[in-house]
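*Asks:* attaching a predicted model along with its sequence, questions to come.
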Amino acid sequence: QVQLVESGGGLVQAGDSLRLSCTASGRTFSRYAMGWFRQVPGKEREFVSFISSGLSTAYADSVTGRFTISRDNAKNTVYLQMNSLKPEDTAVYYCASRYFGGEYSREEYPYWGRGTQVTVSS
């Protein structure tokens, strides 16, 4: 079983930056792909980014060029650096994990954190 805990959310202004962190339990973190998803009330949870165990990365079109995902296997932590934030980035951001390869679909991730709120004011 993998437990995930997100942190780093908050209230910022448009154009600001935030860095989200997600720390995982377990001793085999490096073998897991880590994903970030986000959700606003009334909408489906959507893909933001993933990083695979082999360090391949992918991003949603809406965040490409502004967000960067990275991982520190020694700390069992994945990061999401968010720059040039926009009001439409406002959402609860969730960390997710699955064994080995990253996937775009939320249904492919068995492990989830509880989320961290990001609010971007205009």
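*Replies:* Looks like it came in fine.

*Asks:* so which strand or helix has the closest residue to residue 49 other than its chain neighbours?
*Replies:* Closest residue to residue 49 apart from its sequence neighbours, by CB to CB, 6 or more residues apart in numbering: residue 69 at 4.4 Å. Glycine gets a C-beta too; all of them are placed from N, C-alpha and C. Using DSSP states H and E, residue 69 maps to strand 67-72.

*Asks:* same deal with residue 92?
*Replies:* Following DSSP H and E, one finds residue 92 within strand 91-99.

*Asks:* what are the boundaries of the strands in this structure?
*Replies:* Along the chain, counting by DSSP state E, strands occupy 4-7, 10-13, 18-24, 32-39, 46-51, 57-59, 67-72, 77-82, 91-99, 111-112, 116-121.

*Asks:* strand partners (parallel or antiparallel) of the strand holding residue 92?
*Replies:* strand 32-39 (antiparallel), strand 111-112 (antiparallel), strand 116-121 (antiparallel) (DSSP bridges).

*Asks:* just give me the neighbour total for residue 91.
*Replies:* By the criterion of other CB atoms under 10 Å, residue 91 has 22 neighbours.

*Asks:* swap that for residue 84, please
*Replies:* By other CB under 10 Å, neighbour count at residue 84 equals 13.

*Asks:* roughly how far apart are it and residue 37?
*Replies:* 20 Å (CB to CB, to the nearest Å).
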